[in-house]
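> any chance you can model this:
(one chain, ligands or ions: 1)
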Amino acid sequence: METSTTLNTKQIAKRKATLITGASSGIGFEFAHSIADKYDSDIILVARREDRLIKLTEILSKKIKSKNKNRSVYYFAVDLSNEQQLDKLIKDISDKNLFVNLLINNAGFGSYGTFEETSLPRELEMIDLNIKAIVHLCHFFSKEMIEKKEGEIINVSSMASFQGLPYLAVYAATKAFVTSFSLALASELSQYNIKVQALCPGPVQTEFVNVSGFPDKISVLPSFSAHDVAELSLRRLKNTGCCNSRIVIPGFMNCILAQLNRLLPRYLATDIAMKVLKKKFKK
Ligand SMILES: NC(=O)c1ccc[n+]([C@@H]2O[C@H](COP(=O)([O-])OP(=O)(O)OC[C@H]3O[C@@H](n4cnc5c(N)ncnc54)[C@H](OP(=O)(O)O)[C@@H]3O)[C@@H](O)[C@H]2O)c1
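Numbers count the residues shown, from 1 in each chain. You can find the predicted model right below:
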C-alpha cells in the first residue's frame, strides 16, 4: 500500500535535470560548467572520483546560488562499467523525482597499443563503459522523454568512429557503435521531439591521452580545448530542424577529413591511418 508521503512525492511535478557522465574531468567537467551557466535545470554529476565530484558540486552550487536560481546539484560516485552500480544509479536518480530531459553520455576511455598486447579485461571494461552504459542510460531515460515528448541526448563519440583505427582497434570500434547508434536513435526519436547528437571530436586537451596510454604527439589533427568542444556541442543542439546537428565534429579541418575519409575504400583509409600512427608510435 502506498503511504501518503509517496503519494505526495508523485503529485509534485518532477524537476528537470541534466545528467552528465564523466563530469570529474575534461569535456564532462566543461559540460557541467556550461550547463550551470546557461541552463535552468538541476544537474546530476556522475564519475568515479568522489573527491572531484564533491568539489565540482560545491563550485556549481555557489555559481547557481549567485544567480539566485532555485536549482540543485547532485553527484553520484559510480563505476559505470559495473552493471550493478549502473542499476543502482538509475534507481537513486528515479527516487529523487527528477525528469532527466538532457542526458550527456560522456564518460569513456581508450586504450592504445597493438591488439595482441592490450589487456583483455581492460578492453572488455572499455566496451562496458563506452557502449553498454550508454545503451543502458539511453534506454531508461528516453522512455520518459518519449512520454513527455521532450528531451535531448548527447552521446560523446569521436573522429575515431569514422574508420577502423589500428592501435586503437577496440576504442575506434566502440565509438563507431556510438555514432551509428546515435544516428539511428535520432531518426527514431525525432517524432517525439527528442534530439540526439553524436559529438565526434578529434584530439581534445584532457586527461584522455594519459588514461588511454597514448605516446606523446600521436595525433596529426589539430587539438581543441574541452571548453570549446562542450560549448559547440550545446550550441549545435539548439539548431532547430538542422540535421547537421546530429553529428557534430569540432573544427573545419576535422570536418573535411571526416568527409574525405568516406571517399576512400575503407581498407585503404585504415591502412593509411596505420602508417601515420605507426610513424608516430616509433618516435
Ligand atoms: N580527449 C580526446 O582527445 C577525445 C577525443 C574524442 C573523443 N573523446 C571522448 O570524450 C569523452 C570524454 O573524455 P575526455 O577527453 O574528457 O577524457 P577524461 O578527461 O579522461 O575524462 C573522462 C571522464 O570519464 C570518467 N570515467 C572514466 N571511466 C569511468 C567509469 N568506469 N565510470 C564512470 N566514469 C568514468 C572519468 O572520471 P573518473 O575517472 O573520476 O571515473 C572522467 O570524468 C570520452 O568518451 C572520450 O572517448 C575524447
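> give me the buried positions along stretch 198-207.
198-204, 206 (16 or more other CB atoms under 10 Å). Just so you know, the C-beta spots here come from the backbone N, C-alpha and C atoms, and that holds for glycine as well.
> low pLDDT regions in the stretch 151-283 of the chain?
Residue ranges of the stretch 151-283 of the chain with pLDDT under 70: 216-219, 240-243, 279-283.
> what residues does it put near the ligand?
Residues of the stretch 151-283 of the chain lying close to the ligand by CB under 6 Å from any ligand atom are 156, 158, 201, 203-204, 206-208, 211, 226.
> a markdown table for those residues, including distance to L264?
Output for these, formatted as a markdown table (distance: CB to CB, whole Å):
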| residue | distance to L264 |
| --- | --- |
| V156 | 26 |
| S158 | 19 |
| P201 | 21 |
| P203 | 21 |
| V204 | 25 |
| T206 | 29 |
| E207 | 32 |
| F208 | 26 |
| V211 | 30 |
| A226 | 30 |
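> just put the residues you listed in CSV and tack on secondary structure.
Formatted as CSV, those follow (DSSP: H, G, I helix; E, B strand; the rest coil):
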residue, secondary structure
V156, strand
S158, coil
P201, coil
P203, coil
V204, strand
T206, coil
E207, coil
F208, helix
V211, helix
A226, helix
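> count of neighbours near L221?
14 (other CB atoms under 10 Å).
> SS state for it?
L221 is classified as coil under three-state DSSP.
> skipping its backbone neighbours, what lies nearest it in space?
G202 (4.1 Å; CB to CB, 6 or more residues apart in numbering).
> quick one: the helices in this protein, in order.
Ranges of helices in the chain, per DSSP state H, are 4-11, 26-38, 50-66, 83-95, 120-127, 133-148, 169-189, 208-211, 226-237, 252-263, 266-282.
> just name the most buried of those helices.
helix 26-38 (a mean of 22; mean count of other CB atoms under 10 Å).
> out of the buried residues of stretch 198-207, which two sit at the greatest distance?
The span of the buried residues of stretch 198-207, defined through CB to CB, is set by A198 and T206 at 18.2 Å.
> would you put the C-alpha positions of stretch 72-85 in CSV?
Taking Å, rounded to 0.1, in the frame of the first residue of the first chain, the C-alpha atoms of stretch 72-85 are listed here in CSV:
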residue,chain,number,x,y,z
SER,A,72,20.2,21.7,-7.1
VAL,A,73,23.4,19.9,-8.0
TYR,A,74,23.6,16.1,-7.2
TYR,A,75,26.6,13.8,-7.5
PHE,A,76,26.9,10.1,-7.7
ALA,A,77,30.3,8.3,-7.4
VAL,A,78,29.7,5.4,-9.7
ASP,A,79,31.7,3.0,-11.9
LEU,A,80,29.5,3.0,-15.0
SER,A,81,31.2,-0.2,-16.3
ASN,A,82,29.7,-2.1,-13.4
GLU,A,83,26.2,-3.2,-14.2
GLN,A,84,25.0,-3.3,-10.5
GLN,A,85,26.3,0.2,-9.9
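> right, I'll call it a day here.
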